[in-house]
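**Q** okay, predicted coordinates and the sequence, questions at the end:
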Amino acid sequence: MPVVQSGGPLSARRKLGQELRLLRDRSGMTTEEVGDHLNCSNSKVSRVELGKRACTKRDFDQLMDLFGVPESRAAELRDLMIRGRQRVPPWWHRYNDVISANYAEFLAYESEAAACFEYQPILVPALLQTEGYARAVTGVSFTALGPDQIESLVEVRLQRQERLREKLPLDIQVVVTEAALRFAVGGDEVMREQLRYVKEVTTSLDNVSFRVIPFEAGEKGTTTGAFTLFSSGKDTDADAGFTESADNTTNFRDDAVALRQMSRLFRNLSSAALPEEASIELVDRIAKERD
């Protein structure tokens, strides 16, 4: 099967890693045995297979020989190896002074994903936040940072929203609880603007789905924390997941069991949410309550 040539460096590394893992599995070799052949540690082999480390040209050539890959197939994989080693700085590189390694990894997946599935229990998701709302929640979440650093993080949040309007936009499905609409983040004026913006974006962009779990859903609509799933295709399983911690860090998950559990949880929460039209009606009603 030909390798699809699309996506950025992260996508290329992950695709190559998956192909190398399949080749190793078919050979019956362990990561330790492959590491011995490459004169490296098995952890390096694992990181390459997971797409967490770029494959060197030397290692790639040795792996093709080791697995007996035909030249036509090796040429397809070699293109992935080359693209996976590209060093073009991403747009968020200029914010490295305020972006953690975990957040940078999250942004890399977001920038290359085709679809995103997000659950937020108490906040409007970052991709749908207004500048005022983003500044209010960032200021509370990162109290140790100075004003300039807070502004940089707000800029990052707003820049991320460009993914929704690109030629090939990110398809997002958002589920929030009613509490996310009722917390007066930034005060009544900021919250009114935020709710109206949610309505504007969700009614004008076909790639944005926004659904609300009403208080009446009870325990069916609750879980302990926010999480996000990314997929390389709108109709494919999740490739990676991120959970949010109390210390504002995003924790990466890509093991199959965790992704299945998170996907099932998102489906269960979605089943407790109102339909899209009713959700926007609720957003509109709560906004008018603040007039």
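**A** Great, that's in hand.
**Q** this protein: helices as residue ranges?
**A** 9-27, 31-38, 42-49, 57-67, 71-84, 101-112, 131-141, 147-160, 179-182, 188-204, 256-272, 276-289 (DSSP state H).
**Q** so which of the ones you listed gets nearest residue 248?
**A** helix 131-141 (5.0 Å; CB to CB). Bear in mind the C-beta positions are built from the backbone N, C-alpha and C, glycine included.
**Q** helices and strands of this protein: which one bottoms out on pLDDT?
**A** strand 250-253 (a mean of 86; mean pLDDT, DSSP states H and E).
**Q** for residue 239, phi and psi?
**A** phi -90, psi -30 (degrees, to the nearest 10).
**Q** coming back round to it: for the least confident helix or strand of the chain, buried residues please.
**A** Residues of strand 250-253 classed as buried under the neighbour-count rule (16 or more other CB atoms under 10 Å) are 250, 253.
**Q** what sits up against that strand?
**A** 102-103, 105-106, 228, 240-245, 259, 262 (CB atoms under 8 Å, 6 or more residues apart in numbering).
**Q** try it again with 10 Å
**A** The contact list for strand 250-253 (CB atoms under 10 Å, 6 or more residues apart in numbering) reads 52, 100-107, 109, 225-229, 238, 240-245, 259, 261-262.
**Q** redo the helices of the chain as TSV? Include distance to residue 95 and mean neighbour count.
**A** What follows is the helices of the chain, written out as TSV (distance: least, CB to CB, whole Å; neighbours: other CB atoms under 10 Å):
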stretch	distance to residue 95	mean neighbour count
helix 9-27	18	19
helix 31-38	35	17
helix 42-49	25	19
helix 57-67	31	17
helix 71-84	23	17
helix 101-112	9	18
helix 131-141	13	19
helix 147-160	5	16
helix 179-182	26	18
helix 188-204	23	17
helix 256-272	27	15
helix 276-289	31	16
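**Q** tabulate these (CSV), appending mean pLDDT.
**A** Shown next, in CSV, are the helices of the chain (pLDDT from 0 to 100):
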stretch, mean pLDDT
helix 9-27, 90
helix 31-38, 93
helix 42-49, 90
helix 57-67, 94
helix 71-84, 91
helix 101-112, 90
helix 131-141, 91
helix 147-160, 94
helix 179-182, 96
helix 188-204, 96
helix 256-272, 94
helix 276-289, 96
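**Q** nearest to residue 94, of those helices?
**A** Closest among the helices of the chain, using CB to CB: helix 147-160, at 8.9 Å.
**Q** counting by contacts, list what that closest one packs against.
**A** Counting contacts by 3 or more CB pairs under 10 Å, 6 or more residues apart in numbering; DSSP states H and E, helix 147-160 packs against helix 101-112, helix 131-141.
**Q** which one, of these, ends up nearest to residue 280?
**A** helix 131-141 (17.6 Å).
**Q** and the angle from that closest one to helix 188-204?
**A** Helix 131-141 runs at 120 degrees relative to helix 188-204, counting by axes from the mean of the first three to the mean of the last three CA atoms, to 10 degrees.
**Q** quick check: angle from helix 131-141 to helix 147-160?
**A** Going by the same axes, to 10 degrees, helix 131-141 makes 130 degrees with helix 147-160.
**Q** I'd guessed residue 159 sits against residue 92; true?
**A** Yes: the criterion here is CB atoms under 10 Å, and residue 159 meets it with residue 92 at 7.5 Å.
**Q** so what sits against both of these two?
**A** residue 107.
**Q** only alpha carbons, please: show the least confident helix or strand of the chain as PDB.
**A** Output in PDB follows, covering the C-alpha atoms of strand 250-253 (Å, rounded to 0.1, in the frame of the first residue of the first chain):
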ATOM      1  CA  THR A 250      -1.200  18.700  29.000                       C
ATOM      2  CA  ASN A 251      -0.400  15.100  29.300                       C
ATOM      3  CA  PHE A 252       0.200  13.100  26.100                       C
ATOM      4  CA  ARG A 253      -1.400   9.700  25.500                       C
END
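**Q** what strands line up against it, and which way round?
**A** Applying DSSP bridges, strand 250-253 is found paired with strand 240-244 (antiparallel).
**Q** how far off centre is the strand it pairs with?
**A** Centroid separation between strand 240-244 and its chain, computed with CA atoms, centre = their mean, to the nearest Å, is 7 Å.
**Q** alright, that wraps it up for me.
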